[in-house]
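1. Fold the following for me, if possible:
(chains A and B)
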Amino acid sequence: MKKLIWSLAVCLTAVSPAAAQELAGRYWVYVANESSDLISRVRLDRNGLVEESTIPVGIMPADLDGAHGLTVSPDGRHWYVSLAHGTPYGRIWKFTTGSDRLADTATVGLFPASMAVTPDGSMLFAVNFNLHGDAVPSTVSVLFTPTMQEVTQIKTCVKPHGSRINTSGTAHYSVCVGSDQLVEISTRSLQVARILDLTPGNERVLASPAPAPVPGAERCGPTWVVPSPDDRFLYVPCNQRGLILEISATSLAVTRRFATGKGPYNADVSPDGAWLVVTLKGDQGVAIVDLRTGTETRVATTQPVTHGVVITPDSRYAFVSNEAIGATRGTVDVIDLVHKRRVASVAVQHQPGGIGFWKMDPATR
Amino acid sequence: MARRAPLGAVLLAVLTLGPPALEAQIPQGSSAELTAGLRVRGARLTPDPLALVRGDTVLLTIALTDREGARVRGARFAISWGSDVFNAKSIKDSVPDSYLIVGTRPGEAPFQILVQVPNDSGGFRWNPIGTATVQVDDWPLASVEIHEPRYAPYAGTTFRMTATPMTNRETEHALASIQWRSETPTVALVTPTGVVTISRPGTATLVATADDRVAARHTFQALPNPVQQLVITPRATTARTGDVVRFDVAALDRSGQRVRDLALSYAAHGLDSAGADMYEDGAFVAENPGAYKVVATAGQLGAEAVVEVIPRVKATPVELVARAGPPDVATSDLWVFEGKDGRDYAYTGTHAQGGGQRMYVWDVTEPSDIVLVDSVLVDARVVNDVKVNGDASWAIITREGASTRRNGIVVLDLTDPAHPDIIAELTDSLTAGIHNVWINGDVVYAVNDGTNAMNILDLSDPTNPRHAGRWEIRPGEENKSLHDVWADGRYAYLSYWDDGLVILDIGAGTHGGTPTAPAFVSSIAYGMGNTHTAYREGNYVFVGDEIFGCDKCVNGPRGYIHVMDVSDLDAPREVARFEVPEAGAHNIWVENGLLYIAYYQGGLRIVDVTGELRGDLYAQGRQIGWYHTAAPRDVLQPNAPLAWGPQPFKGNIFVSDMNSGLWVLHHERSERLSP
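-> Next up, the predicted model:
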């Protein structure tokens, strides 16, 4: 039974010899497998990419708890997973990294999805995606992590998704899949600070949240937002238009648009600010955008429905989760950002999605 | 997992300890602020005590103090709470050290005060320095409503009075409690909770006081007791454990006429052993065999009857007929039916473990030799439910975990039931997935995982399923969870988790409902919530819980079957229960007086539910058979039953088990009673 599984996985793929030579250390990520209610801890080293262990989450034996989003605290001591399903509310579970021992839980809103932790580690923001509910505004939950208490729910928009906090810790960003907006929340006041309407070609700052677009309207379909490491820009995939918007974090003006493949979904920016990596849910691949030139390099992934991405602190590798379809196990691919190629892959569990970087060893190179 | 306050708070608390939650993100303070935090040992609150009325707002100011009680300024602090009794908003930016406290519902809840202090790595940690309590009162108590008693106040009789405290907004007061007293104790004595005993004829006045503040009086004329004789006659002098025995009690006056509105008291005494329940309405039911004396009294008068209780028929073995895999994927729900080709089939769904993307087709015409003949592959990771319509011409399977995240239902054509064809799907507005469905003619009632509403689908053309209606409790509110629906053509029974059982008129004509526009009839909830499934037979609805993560859940889920008497559909009431102590109930089926329960780790349970039901059916020995649905090999988990759903069919009992697949079992009672 899934709740009893705590196994060392046997799946291991070799890193190509050339890539192995360049691998000076080891890297670990956690991945949430949504249709297994298992979290995979995955390690990359010279010997290859391995699913080190699987950690069961959830309490419902006959229902999926829906492990969806995953994030690791900035100090690397804890990881958090959102369990999207509930009766009706979802939950955030907090674990200690390494031991993978459950530390605490909290109830939040409907279908919690992506999360972000403030740089000081004290607060966690989780978007209550309410993916399948009626098209009414939902909220962003704010948790005080030492006690995992929900401090507040901030009402934002229809289907909020893509929770990220800027480097300085002053602002939380999310987008509205159902109402085409970018929402900035002040992490100090815990109130909505600014809203950007993402209607294609007519992006503008709004005075208040807008309702869901009428059916058939031209839509961006934003699914994610990620700030640049210097907090100057925000990058938003327009999932329905095959487009990435670069937005000034100061003015919220669109500064550049990058065309990508089908269904850009999640994104991450390398810590050195050089690369934007975007998962292409509709194209089974990732787009690596050179942020200096705006040019894109496409790398194919090993399974369809490419979902999450996280880049290592040394800006060298992107770890990518691929959901796959049905009973086929999903995979984690490692993309070498220097050589723009996939260097390792490993099968994990069913429907891997949310992915968070834990640590690298040695910590700095 | 339960949350606990930091231990430090216990040592340092100046008030009482409670569960914490922080009111806002507080960035790390300056070095001076953190240093100031080290001096803090307590706090003074203004106001203290902190009490307010539901809906009101109070300004709370917190002054931090040191060991000597002197004010400490400049420390950075926050408050933390974990209750919905109140809400708090920091206004420290405009009013120093202050919060707005809003009372959201009546009750009492603590909050904790935490101060930032330096940690070892140059950062900070939150140091708990004490807790305080917020008391939220209901709206002002305005009146007490005394309810008219059901019995005439004859001398010597005892009965219960009831009253309700009311607010000035004409709602029942949530916190006030009623205390009774008698102003005429020589005529009528009353206990503080309202049990009144009439001592002698005369004018009596009883007073119901709410919280010592608001009172109401009930003055009445206590009457001479006209009863000269009590005669009690059991309707059965011999009964089995679990049989409800009723008594005819005749209270006769001097002229031999019956006195109708007399309050009677009952008691049962075991002559051989203890173990019987005697209810206020005169129902007697024993859990243990033996002779019992039942006594009815009214004042000084009494009458006795003896009931001999014998054991119920012993449980008899449930025999294995056959079992079939699949060994590599978890099995979910099942449906067994006779196909249009005259052969018998079982369809089983599959669950996430191992990849729930198929519905399996089993030919079970020869139950001892079940044959896997086909499977239907869909884009899913859970095929949760399988249902076949009345004439076995089409079926529905439900999906969750589709790669497109558009789940909904899939419709199968059963022209060739051994090889069903996908003919349609409906995902619009059903993207979350449908946890359960129930088919009623051409109408399908579907549990929408996303909205927690019941979607009503028209399948008069199964190749073109379309939406025909929607029903939900508390439209517009999100805090609800629908799990299952069962219908009998007249009424639908919705299992609405913490809102309990909800009954709808879907064409009975009693409350104006139609199949596609249901009308609410009634509902009944109970403390533990988690209402998971329901099934009606006769005047009873059998309602199952599904409970995870509880204190008793050390070996898996818990939950049991509540028996609701719906002889008055407008006022359902719980009268009995069936609870296996060591396991948790899942899906059920009731047919011909037998309740079949897939009891998760408890396997299959068969319960005799014939006759009137009261009390603890398990303790009464009504379980007539059980089977441990576990197998040692060729299963997902060996020797570990996890029974999902039962269905009696043509003399056998089919059971799906998540770990071990499809079982065909046989029990002598099922053979006798099944069609």
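
2. Identify each buried residue in stretch B:209-226, please.
-> B:209-210, B:214-216, B:218, B:220, B:222, B:225-226 (16 or more other CB atoms under 10 Å in any protein chain shown). Using the backbone N, CA and C atoms, a C-beta is placed for each residue, glycine as well.

3. let me redo that: stretch A:81-98
-> Neighbour counts over stretch A:81-98 (16+ other CB under 10 Å) mark A:81-95, A:97 as buried.

4. How about the residues of the stretch 151-300 of chain B by chain A?
-> Taking CB under 8 Å from any CB of the partner chain, no part of the stretch 151-300 of chain B reaches chain A.

5. what about the residue in the stretch 151-300 of chain B that chain A sits nearest to, helix or strand, and which?
-> Closest contact between the stretch 151-300 of chain B and chain A, by CB to the nearest CB, is at B:A174 (23.0 Å). B:A174 is part of no helix or strand, with elements assigned from DSSP states H and E.

6. Cross-check the buried residues of stretch A:81-98 against chain B and keep the overlap.
-> Filtering the buried residues of stretch A:81-98 for proximity to chain B by CB under 8 Å from any CB leaves A:85-89.

7. Identify the farthest-apart pair in these.
-> Greatest spacing in these, by CB to CB: A:H85 and A:Y89 (9.5 Å).

8. count of neighbours near residue 54?
-> Chain wasn't specified; assuming chain A. A total of 23 residues lie near A:T54 under the criterion other CB atoms under 10 Å in any protein chain shown.

9. think we crossed wires, I meant chain B
-> 20.

10. so how far is chain A from the nearest residue to it once chain neighbours are set aside?
-> Of all residues beyond its chain neighbours, the one nearest B:R54 is B:G103 (5.0 Å), with distances taken as CB to CB, 6 or more residues apart in numbering or on different chains. Per CB to the nearest CB, to the nearest Å, B:G103 is found 17 Å from chain A.

11. Identify the residues contacting B:G103.
-> Each residue near B:G103 by CB atoms under 8 Å, 6 or more residues apart in numbering or on different chains is listed here: B:52-58, B:85-86, B:134, B:136-137.

12. Report the beta-bridge partner residues of it.
-> As for beta bridges, B:G103 partners with B:F86 under DSSP bridges.

13. got it, and the one 10 residues further on?
-> Here B:I113 sits in beta bridges with B:I79, B:G130, going by DSSP bridges.

14. B:I588 too?
-> Beta-bridge pairing for B:I588 (DSSP bridges): B:I597.

15. I'd say it and B:P648 touch.
-> No - counting by CB atoms under 8 Å, B:I588 does not reach B:P648; the two are 11.4 Å apart.

16. what touches both of those two?
-> Residues touching both B:I588 and B:P648 (CB under 8 Å, 6+ apart): B:Y596.

17. pLDDT score assigned to residue 90?
-> No chain specified, so I'll use chain A. Here, the pLDDT recorded for A:G90 equals 95.

18. ah, I was thinking of chain B
-> On pLDDT, B:S90 comes in at 83.

19. I'd like to know how many residues surround it.
-> Neighbours of B:S90 (other CB under 10 Å): 19.

20. in the sheet, who's paired with it?
-> With DSSP bridges as the rule, B:S90 is bridged to B:Y99.

21. so how far is B:A250 from the residue nearest to B:R200 when sequence neighbours are not counted?
-> Distances taken as CB to CB, 6+ apart place B:A155 nearest to B:R200, at 5.3 Å, with adjacent residues excluded. Distance of B:A155 to B:A250, computed by CB to CB, to the nearest Å: 19 Å.

22. For the stretch 251-365 of chain A, list the residues in contact with chain B, please.
-> So far as CB under 8 Å from any CB goes, the stretch 251-365 of chain A lies against chain B at A:304-305, A:323-328, A:350-351.

23. Most neighbours out of those residues, which is it?
-> That'd be A:Q351 among those, by other CB under 10 Å, with 30 neighbours.

24. which ones are touching that residue?
-> A:33-36, A:323-324, A:330, B:381, B:401.

25. Taking those, please make a ChimeraX selection of just the buried ones.
-> ChimeraX command restricting these to the buried ones, with burial defined by 16+ other CB under 10 Å:
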select /A:33,34,35,36,323,324,330 /B:381,401
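
26. Looking at the contacts of A:Q351, which one is closest to A:T187?
-> A:E34 (27.7 Å).

27. Check the buried residues of stretch A:81-98 and tell me the two furthest apart.
-> Put simply, by CB to CB the two of the buried residues of stretch A:81-98 set farthest apart are A:P88 and A:T97, 29.9 Å from each other.
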